[in-house]
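Asks: Here is a sequence with its predicted model. Questions after.
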Amino acid sequence: MSSSIKLADLGQQLGADVVGDGQLEICGVRPLDSAGEEHLSFLHNPKYVDEAKSSKAGAILAADPEILPGRNVLVCPEPYLALAHALEIFHPVARPEPGVHLSAVVADTVSLGEGASVGPLVSISADSKIGDRSAVGAGCVLGRGVEIGIDCILHPRVVVEDNCRIGDRCIIHSGTVIGSDGYGFATVAGIHHKVPQVGVVVVEDDVELGANVCVDRAALGETRIGKGTKVDNLVQIAHNVEVGEHCLLVAQTGISGSTRIGHHVVFAGQSGCSGHLNIGNGAVLTARAAAYRDVPDGATVSGAPARPHREWLKANANLQRLDSLREKVKQLEARIAELEESS
């Protein structure tokens, strides 16, 4: 953690305007409810305005200083993004020492970039390339012909199978497996015959894969994760899937094989889709949505099977009225029976 910094200097680094005491010394970042006079906090959701007003934070990142009269405010259009930069200032990432740990097993034909780091018990097979300043954490296993770009971080126990390629500035968290076999079998007379998976996985620049993510290699060709896409923990991406640029795949999402996903698509938690679909640019699958057919550009879908979100909301509202409807039917049946007896 860095030492304290004047609020004015911090604002300059964050590209934020200072309202209040620019000479105030700030020594860290804390949430609104636990920040003290020496801390910076943040307000990016109007839901927390009252909490911000009563917070003891010395200064607050906010888009509108008018809602925090009398407070020291760093004014910026995107407080949450500014928070990220502030955390980088106060909590700089400690990079591992360059070089290869004595316990690592690295083939002679591996190319290590300048400043690259290979941790304890790492295994790197022949003809692989590690880019400049990239770090391969303890216990990672890289197969033959793997390529890792520059400034990447592979956390402990990541596995990258043969010939898969990782772009620049990627972050791969622990337990993730890139390039395991796709789930391909030819079933004949009740017997499941394995179809060899001989393709690769390509992860483009600035992708982050959470812990225990599985990205299967293509049967033929590529499974591809587009530039800037962020994947949460426990996500399954099957063989030959193409994920566009800047998508968000939240925890426990499952993408079946050969599906094509556009750019800026969101799969919320536990959502998924069957194989061979096209998910349009900017589409959103809400939590637990399951798409069994194509989703057009810009659509928001919910439920299983997934349907337009408003239609799904209406259907669920109708479900809530089923009990009263059933009671009315029973009353009508009783009334009809009375009429039949009296006729």
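Replies: Cool, got the structure.
Asks: Nearest to the spatial middle of this protein, which residue is it?
Replies: Val231 (3.1 Å; Cα atoms, centre = their mean).
Asks: I'd guessed that residue sits against Val207; true?
Replies: Yes - assessed by Cβ atoms under 8 Å, Val231 is found in contact with Val207 at 7.4 Å. Every residue, glycine included, has its C-beta placed from N, CA and C.
Asks: any idea how far the residue nearest to the centre of the chain lies from Val250?
Replies: 9 Å (Cβ to Cβ, to the nearest Å).
Asks: for Asp21, same thing?
Replies: Counting by Cβ to Cβ - Asp21 and Val250 are separated by 40 Å.
Asks: Repeat that for Gln320.
Replies: In terms of Cβ to Cβ, Gln320 sits 27 Å off from Val250.
Asks: neighbour count winner among those two?
Replies: Taking neighbours as other Cβ atoms under 10 Å, Gln320 and Val250 compare with Val250 leading, 20 against 8.
Asks: so who does the residue nearest to the centre of the chain touch?
Replies: Counting by Cβ atoms under 8 Å, 6 or more residues apart in numbering, Val231 makes contact with Val207, Glu208, Leu209, Gly210, Val213, Ile225, Ile237, Leu249.
Asks: residue boundaries of the helices in this protein?
Replies: All helices of the chain, identified by DSSP state H, fall at 7-14, 49-54, 79-90, 309-320, 322-342.
Asks: Let me know which of those helices is the nearest to His155.
Replies: Across those, His155 has its closest neighbour in helix 79-90 (17.9 Å, Cβ to Cβ).
Asks: what angle sits between that closest one and helix 7-14?
Replies: 110 degrees (axes from the mean of the first three to the mean of the last three Cα atoms, to 10 degrees).
Asks: elements contacting helix 79-90?
Replies: helix 7-14, strand 28-29, strand 39-42, strand 59-62 (3 or more Cβ pairs under 8 Å, 6 or more residues apart in numbering; DSSP states H and E).
Asks: nearest to Gly275, of the ones you listed?
Replies: Here strand 39-42 is closest among these (Cβ to Cβ), at 41.6 Å.
Asks: who does that closest one touch, helix- and strand-wise?
Replies: strand 28-29, strand 59-62, helix 79-90.
Asks: Farthest-apart pair in the contacts of Val231, please.
Replies: The span of the contacts of Val231, defined through Cβ to Cβ, is set by Glu208 and Ile237 at 13.6 Å.
Asks: Show me which of those two is the more surrounded one.
Replies: Higher neighbour count among Glu208 and Ile237: Ile237, with 28 against 18, using other Cβ under 10 Å.
Asks: how close does the more buried one sit to Gly221?
Replies: For Ile237, the distance to Gly221 - Cβ to Cβ - is 15 Å.
Asks: likewise Arg144?
Replies: In terms of Cβ to Cβ, Arg144 sits 19 Å off from Gly221.
Asks: Over to His44?
Replies: His44 is 41 Å from Gly221, by Cβ to Cβ.
Asks: With Gly175 instead?
Replies: 26 Å.
Asks: His264 is in contact with Gly244, isn't it?
Replies: Yes - assessed by Cβ under 8 Å, His264 is found in contact with Gly244 at 7.3 Å.
Asks: Looking at those two, which one has more neighbours?
Replies: Gly244 (21 against 18).
Asks: For Ser128, see how far away Glu340 is.
Replies: 84 Å.
Asks: Revised request: answer the last question for Gly137.
Replies: 15 Å.
Asks: Over to Cys170?
Replies: 15 Å.
Asks: got it, and Leu14?
Replies: For Leu14, the distance to Ser128 - Cβ to Cβ - is 39 Å.
Asks: Which one's more surrounded, the two?
Replies: More neighbours surround Ser128 than the other of Leu14 and Ser128, with 24 against 20 (other Cβ under 10 Å).
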